[in-house]
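Chemist: Quick check, what structure comes out for this input:
(chains A and B)
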Amino acid sequence: MSVINVTPIIDITELIASDNVNEGDVILLEEGIYFQTVNVLKNNIRIVAKGPGVIFDGRSTLLTAFTLPEVSGVVIEGINIRYYRGDGILIEFGSGNRIINNTINNMIEHGVEVISSSSNLIWKNEISNCYDGVLLISGSTNNWVIENVARECYGDGYEAFLDPDSNNAFISNTAIGNRNNGLEIYGGNNLLLDNVLIDNGQGVIINQGNSSIAIGNMIKGTKEGTYVIFDSYFNHFVSENHIVCNRREGIENNGQFNMIVNNEISNNGDTGILLVETSILNLVMDNKLVCNIPQNIEDRGIDNYLINNMEKPCEPCKSPTDVCVERKDGEDNTTDGSKEGA
Amino acid sequence: MDIKSKIEKEISRMKQLIQDGENIMGQVPKHLRHNQEFVLEIYKKKLAALEQELIRLEDLDSKKIRI
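Modeler: Below is the predicted model of the structure:
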């Protein structure tokens, strides 16, 4: 194994393809601005930034910064990527690749796109002003999407595109101010754990499949649908989520055999939990619902079980808007030291 | 969103991306073009897969209507 130092004038695709680079080698990027697309065609190549000033700039001309087609064990770490016409990092038919700690902004497509790939790790990347932050598509399974931040994207923060995009984990990610959904998750057995979704167009969409799990997520400040489970989605488990201060319903369930248990749903501008006409045999239990207007729970479905939910009305002369504005002001005061003592 | 509309939207975006990518190729320095063409082929494969999926769904729909 060897460490190969690289500067912006080197064609990295050509270098990796050459006999000078073998599996397991580390391509160590010197600081500087790189104007190129790197297609990694060998397994187990580690491409690592030497310092914070490694920048890949597509100058709105090139398509991707890194493409990983049919490779495994490739690492892309610590790189700033900006102004590409396609994706920042594109994995196609790859597995076990590690995309770590990159900063990706201003892609016309996605920050990271994973096509027909499995078991990849996408960890601690900061993505802004792209279409989707992270997109899993065309049968991408068993991928780990952990501790990323997706901010102000034109599409979704994180998306699993259709039902073949199953068995993926989205853990401790943040989505802020994205135009569409914080998490748009199609497919089965996906895990949504401890994500924070703030001020997105919509919060969480669950569609096409069954048995996904959402635990410990926080959804706040959503403008349209907050947490929507689509018709014919079944056996979805939703627990210990905090759904507060959103403009519309807290949870809208259209599906069947789902479990909505022990969530805190408060101060939303529409019903807290809405079970629409297609909702059948869902279990809604032990939820804490406070000051959702016009009501905390509405069941328009058939044979749903509502057990032991704690419902509280709004405090006198307080609407959800009042509470949420007060809360926001309080947060601003605690985060902005200049206001202390005012 | 309806699944067919979702796929159609993605197809439309992909077509635009591929067209733009091909149009801008003239501005890409010659020594970088090969890698761009390689990426374009991946996007074209993705587009083809999406179109295939859409056809499959439309076939399913038309079968349902016939039944």
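
Chemist: which parts of the lengthiest helix in chain B are buried?
Modeler: In terms of residue count, the longest helix belonging to chain B (DSSP state H) is helix B:30-66. For helix B:30-66, the buried set under the neighbour-count rule, 16 or more other C-beta atoms under 10 Å in any protein chain shown, comprises B:32, B:35-36, B:38-40, B:42-43, B:45-47, B:49-50, B:53-54. Where you see a C-beta, it was placed from the backbone N, CA and C, and this is true even at glycine.

Chemist: Likewise for stretch A:4-15?
Modeler: By neighbour count on 16+ other C-beta under 10 Å, the buried set for stretch A:4-15 is A:Ile4, A:Val6, A:Pro8, A:Ile10, A:Asp11, A:Ile12, A:Thr13, A:Glu14, A:Leu15.

Chemist: One more: stretch A:17-27?
Modeler: So, applying 16+ other C-beta under 10 Å, buried residues of stretch A:17-27: A:Val21, A:Asp25, A:Val26, A:Ile27.

Chemist: which pair in those residues spans the largest distance?
Modeler: A:Val21 and A:Val26 (9.7 Å; C-beta to C-beta).

Chemist: and of the buried residues of helix B:30-66, the nearest to A:Asn253?
Modeler: The closest of the buried residues of helix B:30-66, once distances to A:Asn253 are taken by C-beta to C-beta, is B:Glu53, at 27.0 Å.

Chemist: Quick check: closest non-adjacent residue to that closest one.
Modeler: Leaving aside its chain neighbours, B:Glu53 sits nearest to B:Ile7 (5.9 Å; criterion: C-beta to C-beta, 6 or more residues apart in numbering or on different chains).

Chemist: From A:Ile137, how far off is the one you found?
Modeler: 10 Å (C-beta to C-beta, to the nearest Å).

Chemist: got it, and A:Trp123?
Modeler: 19 Å.

Chemist: Show me which of these two is the more surrounded one.
Modeler: Neighbours per residue (other C-beta atoms under 10 Å in any protein chain shown) separate A:Trp123 from A:Ile137, with A:Ile137 holding more: 23 against 19.

Chemist: Skip the chain neighbours and tell me the closest residue to the closest residue to chain B within the stretch 51-200 of chain A.
Modeler: Ranked by C-beta to the nearest C-beta, the top residue of the stretch 51-200 of chain A for proximity to chain B is A:Leu63, at 4.3 Å. Spatial nearest neighbour of A:Leu63, chain neighbours left out: A:Gly86 (3.9 Å); criterion: C-beta to C-beta, 6+ apart.

Chemist: B:Val39 is in contact with that neighbour, correct?
Modeler: Yes. The criterion here is C-beta atoms under 8 Å, and A:Gly86 meets it with B:Val39 at 6.3 Å.

Chemist: Mind listing the shared neighbours of the two?
Modeler: Taking C-beta atoms under 8 Å, 6 or more residues apart in numbering or on different chains as the contact rule, the neighbours common to A:Gly86 and B:Val39 are A:Leu63, A:Thr64, B:Gly21.

Chemist: of those, closest to A:Val325?
Modeler: A:Thr64 (42.8 Å).

Chemist: Give me the number of neighbouring residues for the residue of the stretch 51-200 of chain A closest to chain B.
Modeler: 30.

Chemist: what does the one 5 residues further on give?
Modeler: Here the count is done by other C-beta under 10 Å, and A:Leu68 has 28 residues near it.

Chemist: Low-confidence stretches in chain A?
Modeler: By pLDDT under 70, the weakly predicted segments of chain A are A:332-342.

Chemist: the helices in it, which residues?
Modeler: Assignment of helices within chain A using DSSP H yields the ranges A:12-17, A:320-335.

Chemist: So what's the gap between the longest one and the chain middle?
Modeler: Put plainly, it is helix A:320-335. Relative to its parent chain, helix A:320-335 has a centroid offset of 25 Å by C-alpha atoms, centre = their mean, to the nearest Å.

Chemist: Restrict that helix to CA atoms and write it as PDB.
Modeler: Extracted in PDB, the C-alpha atoms of helix A:320-335 (Å, rounded to 0.1, in the frame of the first residue of the first chain):
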ATOM      1  CA  PRO A 320     -50.200  27.300  18.400                       C
ATOM      2  CA  THR A 321     -48.800  30.300  16.600                       C
ATOM      3  CA  ASP A 322     -48.400  32.200  19.900                       C
ATOM      4  CA  VAL A 323     -46.600  29.300  21.500                       C
ATOM      5  CA  CYS A 324     -44.400  28.700  18.600                       C
ATOM      6  CA  VAL A 325     -43.400  32.400  18.200                       C
ATOM      7  CA  GLU A 326     -42.700  32.600  21.900                       C
ATOM      8  CA  ARG A 327     -40.600  29.400  21.700                       C
ATOM      9  CA  LYS A 328     -38.700  30.700  18.700                       C
ATOM     10  CA  ASP A 329     -38.000  34.000  20.400                       C
ATOM     11  CA  GLY A 330     -36.700  32.100  23.400                       C
ATOM     12  CA  GLU A 331     -34.500  30.000  21.200                       C
ATOM     13  CA  ASP A 332     -33.100  33.100  19.500                       C
ATOM     14  CA  ASN A 333     -32.400  34.600  22.900                       C
ATOM     15  CA  THR A 334     -30.500  31.600  24.100                       C
ATOM     16  CA  THR A 335     -28.500  31.300  20.900                       C
END
